[in-house]
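**Q** next come a sequence and a model predicted from it.
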Amino acid sequence: MAYIEAKDGTQLHVKDVGSGHPVVLIHGWPLTGDMFEYQSLALLEAGYRVITYDRRGFGQSGHPADTYNYDVFADDLGAVLEGLDIDEAHLVGFSMGGGEIARYLTRHGADRVSKAVLIASVVPYLLKDSTNPDGVDSSVFADMKKQVREDRFAFLQSFAKTFYGVGLVSKPVSQGILDWSFILAVMASPKATIDCIDAFGRTDFRPDLKSFTVPTLIIHGTSDKTVPIDPAGRAAAKGISGAQLIEYEGEPHGLFATAPDRLNRDLIEFLGEP
């Protein structure tokens, strides 16, 4: 099945491969489901059923004019699970993809979910304010939107270097990965690219943490400059009952590509039998 229709009629592009226990991989901004190349291959070879989909406004999914908020994103995830008739899903969310999991569990419950994984996730709350002093200043998000409006292409090329820690970590990614990431990112709607900055930057998931009633693994790099570990991974681990936190020392935001072998091992060990 190449497409699933969301509640409002938006078409969601889905890839569904394999026949084992279902693992749904939810991508980060500003990429597509194809960002999980290393993880999809490892999980498939380990015997899992691997499902990826492009968030509305990104990749090959529909590009509506608005509706870029987490209530809608969570319902889109619900449409994918229902459309593929998936039960006992392992949900794996990277960066803003972690927000889909949090809001989905609040809006739809955990009946279709067996485990959750948050990788470099924006959960529980990224914005700096009086209740979240370790968060990211609002001026950072405002500047990102300004740069996207002025020259989205130059911004995406620059952003990718910070994303993967180029010049900051000991094992930089290849130019090929930077080019590939740019190709995935430019497929997005400019409107979705801008609106999702507010969605992941300003949505408060702290009330959603109590909805994590399934075993939850959190993985975050200590050198993540895009989604800092203190207001995100560490705060999520404190707020989710029984959550396990694994910190990747010195790793940047895009650790799915900078530390793929370690990430794949940790994922498979946590997920269990396919």
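**A** Happy to help now that I have it.

**Q** tell me how far the longest helix seen in the chain lies from the chain's centre.
**A** The longest helix of the chain (DSSP state H) is helix 138-163. Distance, stretch centre to chain centre, for helix 138-163: 18 Å (CA atoms, centre = their mean, to the nearest Å).

**Q** stretch 175-189 too?
**A** For stretch 175-189, the separation from the chain centroid amounts to 16 Å (computed by CA atoms, centre = their mean).

**Q** mind showing which ranges of the stretch 1-150 of the chain have poor pLDDT?
**A** Along the stretch 1-150 of the chain, the model assigns pLDDT under 70 to residues 1.

**Q** so Val173 sits in a helix?
**A** No. Counting by DSSP: H, G, I helix; E, B strand; the rest coil, one finds Val173 to be coil, located in no helix.

**Q** let me know whether Arg234 touches His220 as I believe.
**A** Yes. Checked against CB atoms under 8 Å, the pair Arg234 and His220 is within contact range at 7.4 Å. C-beta coordinates here come from the backbone N, C-alpha and C atoms, glycine included.

**Q** comparing these two, which shows the higher neighbour count?
**A** Neighbours were counted for Arg234 and for His220 using other CB atoms under 10 Å; His220 has more, 25 against 17.

**Q** contacting residues for that one?
**A** Applying CB atoms under 8 Å, 6 or more residues apart in numbering to His220 gives the contacts Ile119, Ala120, Ser121, Val227, Ile229, Ala232, Gly233, Arg234, Leu245, Ile246, Glu247, Tyr248.

**Q** which SS state does it fall under?
**A** His220 ends up strand, using three-state DSSP.

**Q** for Ala46, see how far away it is.
**A** 23 Å (CB to CB, to the nearest Å).

**Q** residues shared between the contacts of Arg234 and His220?
**A** Common contacts of Arg234 and His220 (CB under 8 Å, 6+ apart): Leu245.

**Q** if we can go back for a sec, just checking, what packs against the longest helix of the chain?
**A** Helices and strands touching helix 138-163, by 3 or more CB pairs under 8 Å, 6 or more residues apart in numbering; DSSP states H and E, are helix 175-186, helix 190-202.

**Q** what angle sits between it and helix 175-186?
**A** Interaxial angle, helix 138-163 versus helix 175-186 (axes from the mean of the first three to the mean of the last three CA atoms, to 10 degrees): 140 degrees.

**Q** contacts only, for the residue nearest to Asp8 when sequence neighbours are not counted.
**A** Among residues not flanking Asp8 along the chain, Thr67 sits closest, at 6.5 Å (CB to CB, 6 or more residues apart in numbering). Contact analysis of Thr67 by CB under 8 Å, 6+ apart lists Asp8, Thr10, Arg56.
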